[in-house]
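1. Below is the sequence, then the predicted model.
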Amino acid sequence: MAFAESKLESPCEELGPESAAEDLYRMGLVYSTGLGVPVDYVMAHKWFNLAALRGYSDAKQSRKELSDYMSSDEIATAQKAAREWLSLAN
């Protein structure tokens, strides 16, 4: 999936509670591949996790694969960031 196909205006656009699971997933792709931003596995995991929570199955697989390259501290940081986003979005 190319970022260009997304409805997002830029890779760093803020996503809110109304954002589609696919857009959350694509933001994970942006950070996991460094498309327009530095590669950041913590941020990628956060967005994949949020998309997975909304039922996007590809996000679950991407999150699992990405976790293989992350330390337990990085995963914990990503999970905390996802929880914080959820609390602010609601």
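-> Cool, got the structure.
2. so where is this protein shaky, pLDDT-wise?
-> Within the chain, the segments meeting pLDDT under 70 span 1-14, 17, 90.
3. where exactly do the helices run in it?
-> 21-33, 41-53, 57-67, 72-89 (DSSP state H).
4. what about the closest residue to residue 45 other than its chain neighbours, distance to residue 28?
-> The shortest distance from residue 45 to any non-neighbouring residue, by CB to CB, 6 or more residues apart in numbering, is to residue 78 (3.6 Å). Any C-beta I mention is one placed from the backbone N, CA and C, and that applies to glycine too. Here residue 78 is placed at a distance of 10 Å from residue 28 (CB to CB, to the nearest Å).
5. between the two, which one's more packed in?
-> residue 28 (27 against 24; other CB atoms under 10 Å).
6. returning to that earlier point: between the helices of the chain, which one is nearest to residue 15?
-> Nearest to residue 15, of all these, is helix 21-33, at 6.1 Å by CB to CB.
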